[in-house]
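A.B. asks: Need coordinates for the below:
(one chain, ligands or ions: 2)
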Amino acid sequence: MNFDHRKYSPFAPIAKRDRRWPDQVITQAPGWCAVDLRDGNQALIKPMGVSQKQRLFDLLVKLGFKEIEIGFPAASQPDFDFCRKLIDENRIPEDVTIQVLTQARPELIERTYEALEGAKRAVVHVYNSTSTVQREKVFRMDREGIKEIAINGARIVKAHADKRPDTAWTFQYSPESFTGTELDFAVEVIDAVNDIWRPDQGQPVVINLPATVEMATPNVFADQVEWICDHMKYRQHVRISVHTHNDRGCGVAAAELAVMAGADRVEGTLMGNGERTGNMDLVTMAMNLYSQGVDPRLDLSGMREITEVVEACTEISTHPRHPYAGELVFTAFSGSHQDAIRKCLSSYQEGDAWNIAYLPIDPRDLGRRYEEVVRINSQSGKGGVAYVLERDFGISLPRWLQIEFSKVVQNAAETEGGEVDSHTIHRLFHERYLHVQPDWALRTYDLHRDDAGVQAFVEFGTGEGVSRLSGTGHGAVEVVAAALEVRHGIQLAVEAYDEFALSEGTQANALACIRIQINGKPYSAAALAEDTTSATLQALLSAVGSCVGAHAPQTGVSSGVH
Ligand code: KIV
Ligand code: ZN
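C.D. replies: Ligands and ions are numbered 1, 2, ... in the order given. Below you'll find the predicted structure:
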């Protein structure tokens, strides 16, 4: 029996009575640092080459990232080469700072500075592992030994920087595996590092708290971050950064709560690429802020380009349900959702505050179109089908026909077993309702109103089979229906008919839809014509034709109501 939860222990809650973060609201974006080119790259089956890194770097710059971790130059030749290329070819914009990672080991730090030679600005990010499990099982060292690695690393980082005063250096330290580190020890190491770097004396410092492995609920991480902020020395002189991973699926939530708990800066990757379940997804977190009316200070409006570049560089495709970026995230298949979206969108005016059911943001903000919002499969209802016909073909249906036609579409979807596109919906509508049998095609009509009512004359059919109907009644439909009853020996009752003027740009000007009963059985039809009377008469003829058959059995003149 392998599947045994008793193998695991719960994460001990942080004993914190004074937590303030739950009452905080994020009102401005944190500083962002994209680590796609380092953490993201280290997790790829096929790490990026220099040209792919350049492409992704250019995208990150275009999106507005001001700090970009470009690699681990001491550990990888392509990372070293890429760092040199950026510096030698002067490819780093004035307002962007590159960041590189190194372990706290003398030879790696030295090589890192070689990679950065001549840079105008850079963040040197040094780390060592501090967690209990790493201390005891990986490094087999006590707290002092681990702290010594950090202190030594901090000293060497500073010494190399001191030798290169032409570069504006920022130092960053990460107690790697912070989430598994006792808080008192984490703060001891952080303070020891800062005692060497002295952020209070002007050295820019970032202290980065990584959830290298996400081990608990996001509130626990927020407690850890707030605790560190409250207990560390030099708090007001350093930027606190967080770097969350997504092992429990809460990487974004943990980073958001960490910002509420005092973090100034967030590291992550586009689309959350990274080790195991990935890093915190920058797209999701930035768009979450955007959806709350907070400027994310990133321009994610070209979401298609973002996913294209990320996919090309990482060779990982974007999940269709990926928040904000996936192909299906603004699409509703369910009938009730479609209905609600359609109703909200129909009353939405440009400039209104966004308040549309089922759509947390306006898809157009990310370069998506409303056309993609409603897509039809067997789960879709009348609202969606009607919406597609109206949106793509300018055809609006009365409610009774929406209900009826959606069943036609549903049958087609069930038979085909997938999505029914808008052209198929249009074709189905044509075949089922608009098709005119030649013998039932309206040729001409004449209406004359006087004291006796409406005198109507209608001619339909082709060639030899031309039929004529005439009579007097309250209206054309009544007269023609009565004449058809007489002619075909049927009982005909008109249940509903609706006429619509069509939107500009369509060939016909009017659409009429009719539902009749012939001898107690329902028949429906619709017709497009240049005027509403023609459309209504044609719809009536088509509906009767669909019952009586392809050939009008009699020609000659028949009279209706007199
Ligand atoms: O996840 C992690 O801990 C890291 C560090 C090197 C910051 O990537
Ligand atoms: Zn990481």
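A.B. asks: residues in the stretch 151-300 of the chain within reach of ligand 1, list them.
C.D. replies: Where the stretch 151-300 of the chain comes near ligand 1, counting by C-beta under 6 Å from any ligand atom, the residues are Ser174, Glu176, Asn208, Pro210, Thr212, His243, His245. All C-beta spots, glycine's among them, are computed from the backbone N, C-alpha and C.
A.B. asks: could you pull out the strands for the stretch 101-250 of the chain?
C.D. replies: Remark: strands assigned in the stretch 101-250 of the chain by DSSP state E, counting those that start in this stretch are 121-129, 168-176, 205-211, 238-244.
A.B. asks: Would you mind finding the longest helix in the chain?
C.D. replies: helix 143-162 (DSSP state H).
A.B. asks: which parts of that one are buried?
C.D. replies: Residues of helix 143-162 classed as buried by neighbour count (16 or more other C-beta atoms under 10 Å): 143, 146-158, 160-161.
A.B. asks: from the residues of the stretch 151-300 of the chain next to ligand 1, which is closest to Gly473?
C.D. replies: Nearest to Gly473 among these: His245, at 77.7 Å, using C-beta to C-beta.
A.B. asks: That closest one is in contact with Gly272, isn't it?
C.D. replies: No: applying C-beta atoms under 8 Å as the test, His245 and Gly272 come out as separate, 9.3 Å apart.
A.B. asks: about what we covered before: possible to save the strands of the stretch 101-250 of the chain as TSV with mean neighbour count, mean pLDDT and distance to Leu345?
C.D. replies: Formatted as TSV, those follow (neighbours: other C-beta atoms under 10 Å; pLDDT from 0 to 100; distance: least, C-beta to C-beta, whole Å):
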stretch	mean neighbour count	mean pLDDT	distance to Leu345
strand 121-129	23	98	45
strand 168-176	23	99	46
strand 205-211	25	99	39
strand 238-244	26	99	36
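A.B. asks: any weak-confidence spans in this structure?
C.D. replies: 503-507, 550-562 (pLDDT under 70).
A.B. asks: Up against ligand 1, what does it have?
C.D. replies: Asp39, Leu101, Tyr127, Ser174, Glu176, Asn208, Pro210, Thr212, His243, His245.
A.B. asks: before we move on, back to that, list the residues that contact both of His245 and Gly272?
C.D. replies: Gly251, Gly278, Asn279, Met280 (C-beta atoms under 8 Å, 6 or more residues apart in numbering).
A.B. asks: still on that earlier bit, who does the longest helix of the chain touch, helix- and strand-wise?
C.D. replies: helix 106-116, strand 121-129, strand 168-176, helix 183-197 (3 or more C-beta pairs under 8 Å, 6 or more residues apart in numbering; DSSP states H and E).
A.B. asks: Just the C-alpha atoms of it, please, in CSV.
C.D. replies: Presented in CSV, the C-alpha positions along helix 143-162 are these (Å, rounded to 0.1, in the frame of the first residue of the first chain):
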residue,chain,number,x,y,z
ARG,A,143,23.8,26.1,11.7
GLU,A,144,27.2,27.8,12.2
GLY,A,145,28.7,26.0,9.2
ILE,A,146,25.8,27.1,7.0
LYS,A,147,25.9,30.6,8.2
GLU,A,148,29.7,30.7,7.6
ILE,A,149,29.0,29.8,3.9
ALA,A,150,26.7,32.7,3.6
ILE,A,151,29.0,35.1,5.3
ASN,A,152,32.0,34.0,3.3
GLY,A,153,29.9,34.4,0.1
ALA,A,154,28.8,37.9,1.1
ARG,A,155,32.4,38.9,1.8
ILE,A,156,33.7,37.6,-1.6
VAL,A,157,30.8,39.3,-3.5
LYS,A,158,31.6,42.6,-1.8
ALA,A,159,35.4,42.2,-2.4
HIS,A,160,34.9,41.6,-6.2
ALA,A,161,32.5,44.5,-6.4
ASP,A,162,34.9,46.8,-4.6
